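Novice: coords below, sequence missing:
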């Protein structure tokens, strides 16, 4: 995923790469995120792309697990990817061409009929529909220091732990990032994630954590165009905050 609703170079991975290179680090940031995928798929992604010989892995996730951790990796739904490691975009393009024909050129109407949210930077009503599914922030985020991953988030915590284990088995450093808080449930989910990280990886200096939960107010449409996905400016703020941790991740400097 190169960025939803924005040109690829405005998404935070591209902006982060630019900042790293501007600081003198000859490095590349590869965005392997997939729209709609969740933490269950991360261990497979780490394994599938081991040929990249990456030095570090950044897990920037949380929203897609608020409704549950579904045991499905979208790339693995393609037999071409399973055989070759290449994920063709042609099936999606053909599917959307068919939908355009069936819905008289209105792709938004097609997805609406299928009850699938389509994110566009010009939309202003997406936040309400999202909050109807995942809740909203009812006040300032109240983080808690919980002793262990709570039962509600146990599958999510295990999926994240498995992905981290997979990256560390390939000698890659890991940075786990809490996304800007979107709902009360997201805050409690990330409380459990931090508890899991302390319990499972507290003794590993190459597993690090960055909390961006309170970095961005998602209700500010100049930063998040739909109450969830970031604008170029919002992505720039994230990239700036991650510059130090990412530089440390590849072992060229300390925070």
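Specialist: That came in fine, so what should we check first? Remember, it's a predicted structure, so these values are computed and weren't measured experimentally.
Novice: among the helices and strands of this protein, which has the poorest mean pLDDT?
Specialist: helix 107-113 (a mean of 60; mean pLDDT, DSSP states H and E).
Novice: what's the closest non-adjacent residue to the spatially most central residue of the chain?
Specialist: What sits nearest the mean C-alpha location of the chain, by CA atoms, centre = their mean, is residue 61, with 3.6 Å. Excluding the flanking residues, the one nearest residue 61 by CB to CB, 6 or more residues apart in numbering is residue 39, at 5.8 Å. Where C-beta positions appear, they are placed from N, C-alpha and C, glycine not excepted.
Novice: does that neighbour really touch residue 161, like I thought?
Specialist: No: using CB atoms under 8 Å, residue 39 is not in contact with residue 161, being 9.6 Å away.
Novice: pick out whichever of the two has more residues nearby.
Specialist: Taking other CB atoms under 10 Å, residue 39 and residue 161 do not tie; residue 39 has more neighbours (23 against 19).
Novice: residues contacting the more buried one?
Specialist: Residue 39 is in contact with 59, 61, 64-65, 69, 156, 159-160, 163, counting by CB atoms under 8 Å, 6 or more residues apart in numbering.
Novice: swap in residue 208?
Specialist: Contacts of residue 208 by CB under 8 Å, 6+ apart are 173-176, 245, 248-249.
Novice: run the last query once more with 7 Å
Specialist: 174-175, 245, 249 (CB atoms under 7 Å, 6 or more residues apart in numbering).
Novice: what's the farthest-apart pair in those residues?
Specialist: Of all pairs drawn from these, the greatest distance, 10.8 Å, lies between 174 and 245 (CB to CB).
Novice: picking that back up, can you check the pLDDT for the residue nearest to the centre of the chain?
Specialist: On the pLDDT scale, residue 61 is placed at 89.
Novice: quick one: the strands in the stretch 51-200 of the chain?
Specialist: 56-61, 173-178 (DSSP state E, counting those that start in this stretch).
Novice: can I get these in TSV including distance to residue 193?
Specialist: Formatted as TSV, those follow (distance: least, CB to CB, whole Å):
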stretch	distance to residue 193
strand 56-61	10
strand 173-178	7
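Novice: out of the ones you listed, which gets nearest to residue 190?
Specialist: Judging the strands of the stretch 51-200 of the chain by CB to CB, what sits closest to residue 190 is strand 173-178, at 4.7 Å.
Novice: by contact count, what packs against the closest one?
Specialist: strand 56-61, helix 154-169, strand 207-211, helix 232-249 (3 or more CB pairs under 7 Å, 6 or more residues apart in numbering; DSSP states H and E).
Novice: partners of the third one, with directions?
Specialist: This points to strand 207-211. Next to strand 207-211 in the sheet, as set by DSSP bridges, lie strand 173-178 (parallel).
Novice: what residue ranges in the stretch 51-200 of the chain are flagged as low confidence?
Specialist: 79, 86-101, 103-130 (pLDDT under 70).
Novice: in stretch 193-211, what counts as buried?
Specialist: For stretch 193-211, the neighbour count (16 or more other CB atoms under 10 Å) marks 193-198, 200-201, 206-211 as buried.
Novice: ah, wrong one, I meant stretch 137-149
Specialist: 137, 141, 143, 146, 149.
Novice: which among those residues gets closest to residue 54?
Specialist: residue 149 (26.5 Å).
Novice: residue contacts, the closest one?
Specialist: Neighbours of residue 149 in contact, by CB under 7 Å, 6+ apart: 157, 192, 195-196.
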